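# here is a sequence together with a model predicted from it:
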Amino acid sequence: MTDETLSQFKNELNSFFVLFILNVVFGALAIAFGMQFMIASVMGLAEGEIPLRVLTGAISLAVFGLGLSWVLSSVKVLEGTTEIRREYSEFTGPVPDEILTGWIVRLTAQYRENRETIRRMTVICALGGCAFLAIGVLNLVPGITWTADPNASWTLGLPFIAAGINITIGLASLLFCVYFRRYSAAWDLRLDETARSETILERTLEQQ
């Protein structure tokens, strides 16, 4: 196969891997925020507004559970991709056609087995990217105020730094989401071709 095919496979594999990592990160953040608000709700029960605190605690617990479940699902899907990625990174010298074909088949099979989960991962990646962008924009307001005041304390510039981090994560998430959608379209095409070939083979065997 050509170097272009190998480069395409490398991009697909890296896109696959980064998507899972981002979903693990977003799931971990959901766990952290869920735990944080749940503890705050429990500690605030003595201050009154018990129904509101209980509702907030229940929602926080649900967010915590969803985040934990999503991390476990992402890690489960990630295992197969990590194995292919490890084999690719450890391979030295030119990659024979049969080995590259095997990797492509395995990666496509990994996509087929987890197609619905992966589609949800793409959605969560896009939503997470938008959320980080929104938080970053909100943090820009006090950051801009800090830069306009030469006498302001340096601590007031922390939101400006946080805005840069959040916007970077948001843009990276959306960028990898776009890339992954492009590669998932290629995998869907391969699966359609495989299904069509299997149908033709089945009809041929029935005729014989």
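Good, I have the coordinates. Quick caveat: nothing in here was measured; it's all calculated off a predicted structure.
# going by C-alpha atoms from here, please, whenever you check contacts or count neighbours.
OK.
# looking at stretch 35-52 now, give me its mean pLDDT.
Stretch 35-52 shows a mean pLDDT of 65.
# could you do stretch 62-74 as well?
Per-residue scores along stretch 62-74 average to 77.
# counting contacts, what elements does the helix of greatest length in the chain pack onto?
For the chain, the helix reaching the highest residue count under DSSP state H is reported as helix 158-207. Here helix 158-207 touches helix 3-43, helix 97-113, helix 115-148, going by 3 or more CA pairs under 8 Å, 6 or more residues apart in numbering; DSSP states H and E.
# repeat that for 6 Å
Other helices and strands packing on helix 158-207, by 3 or more CA pairs under 6 Å, 6 or more residues apart in numbering; DSSP states H and E, are helix 115-148.
# angle of the helix it packs on against helix 3-43?
Angle of helix 115-148 versus helix 3-43, following axes from the mean of the first three to the mean of the last three CA atoms, to 10 degrees, is 70 degrees.
# on that earlier part again, distance from the chain centre to the longest helix of the chain, please.
Helix 158-207 sits 12 Å away from the centroid of its parent chain (CA atoms, centre = their mean, to the nearest Å).
# next one: stretch 127-141
Stretch 127-141 sits 17 Å away from the centroid of its parent chain (CA atoms, centre = their mean).
# what do you get for stretch 113-133?
For stretch 113-133 - counting by CA atoms, centre = their mean - the centre lies 6 Å from the chain centre.
# ok, stretch 61-80 next?
11 Å.
# quick one: contacts for Leu61?
Neighbouring residues of Leu61 by CA atoms under 6 Å, 6 or more residues apart in numbering: there are none.
# state the helix or strand in which it lies.
Element membership for Leu61 (DSSP states H and E) is helix 50-90.
# what's the neighbour count on Asp125?
No, residue 125 isn't Asp; it's Cys. Close neighbours of Cys125, defined as other CA atoms under 10 Å, add up to 26.
# repeat for the one 3 residues further on
Under the neighbour criterion other CA under 10 Å, Gly128 is assigned a count of 21.
# please apply the same query to Phe9.
18.
# count of neighbours near the nearest residue to it once chain neighbours are set aside?
Excluding the flanking residues, the one nearest Phe9 by CA to CA, 6 or more residues apart in numbering is Ile104, at 7.0 Å. Using other CA under 10 Å, Ile104 is surrounded by 20 other residues.
# which stretches of the protein aren't confidently modelled?
When residues are selected by pLDDT under 70, those of the chain lie in 1-2, 37-38, 40-57, 142-157, 159, 195, 197-198, 200-208.
# quick one: the longest helix of the chain to helix 115-148, angle?
Put simply, helix 158-207 runs at 160 degrees to helix 115-148, going by the same axes, to 10 degrees.
# so helix 158-207 versus helix 97-113, what angle?
Going by the same axes, to 10 degrees, helix 158-207 makes 100 degrees with helix 97-113.
# verify the stated contact: Gly170 with Ala131.
No - with contact defined as CA atoms under 6 Å, Gly170 does not reach Ala131; the gap is 7.2 Å.
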